[in-house]
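Asker: Test case, fold it:
(4 chains)
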Protein chains: 2
Amino acid sequence: MAVLALKKANCCPSSSLAETVNTNPVVIRRLLIELQDAGLITTLRGPHGGAVLKRKPEKVTLREIHSAVDQGNIFGTHPNEPSQECPVGKSIAKVMQRIQDRANRALEQELAKITLADVLRDLRRG
Amino acid sequence: MAVLALKKANCCPSSSLAETVNTNPVVIRRLLIELQDAGLITTLRGPHGGAVLKRKPEKVTLREIHSAVDQGNIFGTHPNEPSQECPVGKSIAKVMQRIQDRANRALEQELAKITLADVLRDLRRG
DNA sequence: GATTAAGTAATTATTTTAGTTACATTAGGA
DNA sequence: TCCTAATGTAACTAAAATAATTACTTAATC
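Answerer: Residues are numbered from 1 along each chain as shown, chains lettered A, B, ... in the order given. Okay, the predicted model is just below:
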């Protein structure tokens, strides 16, 4: 998103983005789709195509970017289901979900305070 | 930690904990070591050994438990280093670290409000 | 001294994540 | 109209991170 912000109105193809991140264009394109679904960017096909920011960096918060590419749940959960015999195991999932929700809310509130423009400023300062 | 809290002063061996979570005792023991290092539990060897809470559930926050078993960094970072030619890639790591720190602080502040006793209460209510 | 537990190293298995290849689809421009 | 350059997407492979297992050492109790 920072790279797109620097390019301003110019389209940036997934291949260029992939180079700056040292990864594969398809990996980038999968992320671009999520950012697009969240309404943060537009993509254009064909020559001179690529991704462009849909809004000014001042109007984009890290909360939006984060929730676009991440499906919540700060703490992981163990892959196996806990024993249903155990009084804790029986209801821990529900209790943990409420904690996850609180944690996510706190995180989102903090990220909502930071805009892409803030990130650009910090990048310039180094 | 909730299971240990229910056992009160009684030791709980890793094998019992492993059963309630449907996993292997060694996986549990590795976690117990981290909890022990954080000063949250004590472990005892030999017959009738196992883990015991070191403090009352009212005095243990989820912040402590979380930071004992998790080494910060809410968002992952891409395994590859970004291009140093790119003005973003060059300094993004430092900028992201500051954001990580803010996010972690926000998360910790929220988790500090919840005690193990709160979790037990919620578990009882279902 | 037998037994039961933690601590720990080394290994294997599983799952998740990232990367790759290939191709269909879309749009622009000579 | 055809060529080219881009996204979208599926299928597959590779790599990394996690979890599980095995085996053994150390410590404590009875």
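Asker: what's the angle from the longest helix seen in chain A to helix B:87-111?
Answerer: Taking DSSP state H as the criterion, chain A has its longest helix at helix A:87-111. Helix A:87-111 runs at 130 degrees relative to helix B:87-111, counting by axes from the mean of the first three to the mean of the last three CA atoms, to 10 degrees.
Asker: Name the residues that touch helix A:87-111?
Answerer: A:61-63, A:66-67, A:72-75, A:77, A:81-84, B:2-3, B:6, B:20-21, B:62, B:74, B:99, B:102-103, B:105-107, B:109-111, B:114, B:119, B:122-123, B:126 (CB atoms under 8 Å, 6 or more residues apart in numbering or on different chains). For the C-beta atoms, the positions are set from N, CA and C on the backbone; glycine is no exception.
Asker: Among those residues, name the ones in helices.
Answerer: A:62-63, A:66-67, B:2-3, B:6, B:20-21, B:62, B:99, B:102-103, B:105-107, B:109-111, B:119, B:122-123.
Asker: Do you know the pLDDT at the residue lying farthest from the centre of chain A?
Answerer: The outermost residue of chain A, judged against the average C-alpha position, is A:Glu85 (38.5 Å), by CA atoms, centre = their mean. pLDDT, A:Glu85: 92.
Asker: residue contacts, it?
Answerer: B:Thr20.
Asker: and what of A:Leu4?
Answerer: Shown in contact with A:Leu4 (CB under 8 Å, 6+ apart): A:Cys12, A:Leu17, A:Ile41, A:Ala51, A:Val52, A:Leu53.
Asker: So for it, what's the nearest residue that isn't a sequence neighbour?
Answerer: The shortest distance from A:Leu4 to any non-neighbouring residue, by CB to CB, 6 or more residues apart in numbering or on different chains, is to A:Leu53 (4.9 Å).
Asker: residues in chain A within reach of DNA strand D, list them.
Answerer: A:13-15, A:25-26, A:29-30, A:32-33, A:36, A:43-51, A:76, A:78-80 (CB under 7 Å from any atom of the strand).
Asker: Taking the residues you listed, please make a PyMOL selection of just the buried ones.
Answerer: Selection command for PyMOL covering only the buried members of those, criterion 16 or more other CB atoms under 10 Å in any protein chain shown:
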select buried, chain A and resi 13+14+29+32+36+43+50+51
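Asker: Next step: the residues of chain A next to DNA strand D restricted to strands.
Answerer: Taking DSSP state E as the definition of strands, the residues of chain A next to DNA strand D contribute A:Thr43, A:Leu44, A:Gly50, A:Ala51.
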